[in-house]
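> return a 3D structure for these sequence lines:
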Amino acid sequence: MATESLTRCYRFNRVDFEPDLRLLVWPDKSETALTLHETRLLETLCYFAGEVISHKVLSDKTFLPQDSLSQVQQIDLASVFNSLRRKLTVNGMMAIPVEVLPHYGFRVPLPKETCRHIHRFQQPSALPPKPPRHPPKAAVKSSRPRVSATEHIVKHSLMHKLSVILLAAAGVALVIVSNM
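Numbers count the residues shown, from 1 in each chain. Here you go, the predicted model:
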């Protein structure tokens, strides 16, 4: 059974970038996984494709809005950029050429297409081997059927019973007040 997912896609000549899945998908259908920060960086560059985006704006758009509530951490844009550059480089050429303009910023070309794309996940060529089956042990049968945790709470919890009574009383009070 094939697994599919509808994702956003930036399609370039040599690679497709699917930010929702954090993947680079190559023409031979092989995939390269990206880290969260690499994905954010490339997505920001693709969003502003064709425009020059300064180092500060790129850093702000890539890291600050999403990370503002998390622990304060310094993210080195240069190391994320270098890691992304290595993943984009095939046969000495960058699949998505990131142009560095000294004293101005960065720019990527416009993608051939931006679209919604159905991503078909690769299926493993062979299923993993099953663990060896052990002879069944003598099962101890319980005289009581298994009860889920939720069912146990509903049947036996005093707090649950009180909350149901209070909610019912509040509902009746609302009906009475609204009819006045």
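> tell me the mean pLDDT over the longest helix along the chain?
Looking across the chain with DSSP state H, the single longest helix is helix 158-178. The average pLDDT for helix 158-178 rounds to 86.
> contact partners of that helix?
Ile153, Val154 (C-beta atoms under 8 Å, 6 or more residues apart in numbering). Where C-beta positions appear, they are placed from N, C-alpha and C, glycine not excepted.
> could I have that helix exported to PDB, CA atoms only?
As requested, the backbone C-alpha atoms of helix 158-178 are provided in PDB (Å, rounded to 0.1, in the frame of the first residue of the first chain):
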ATOM      1  CA  LEU A 158     -16.300  10.300  42.400                       C
ATOM      2  CA  MET A 159     -14.800  13.400  40.800                       C
ATOM      3  CA  HIS A 160     -16.100  12.400  37.400                       C
ATOM      4  CA  LYS A 161     -19.600  11.800  38.900                       C
ATOM      5  CA  LEU A 162     -19.500  15.200  40.600                       C
ATOM      6  CA  SER A 163     -18.400  17.000  37.500                       C
ATOM      7  CA  VAL A 164     -21.200  15.400  35.400                       C
ATOM      8  CA  ILE A 165     -23.800  16.400  38.000                       C
ATOM      9  CA  LEU A 166     -22.400  20.000  38.100                       C
ATOM     10  CA  LEU A 167     -22.400  20.300  34.300                       C
ATOM     11  CA  ALA A 168     -26.000  19.000  34.200                       C
ATOM     12  CA  ALA A 169     -27.100  21.400  36.800                       C
ATOM     13  CA  ALA A 170     -25.400  24.300  35.000                       C
ATOM     14  CA  GLY A 171     -27.100  23.300  31.800                       C
ATOM     15  CA  VAL A 172     -30.500  23.200  33.500                       C
ATOM     16  CA  ALA A 173     -29.800  26.600  35.100                       C
ATOM     17  CA  LEU A 174     -28.900  28.100  31.600                       C
ATOM     18  CA  VAL A 175     -32.200  26.800  30.100                       C
ATOM     19  CA  ILE A 176     -34.200  28.200  33.000                       C
ATOM     20  CA  VAL A 177     -32.400  31.600  32.900                       C
ATOM     21  CA  SER A 178     -32.700  31.900  29.100                       C
END
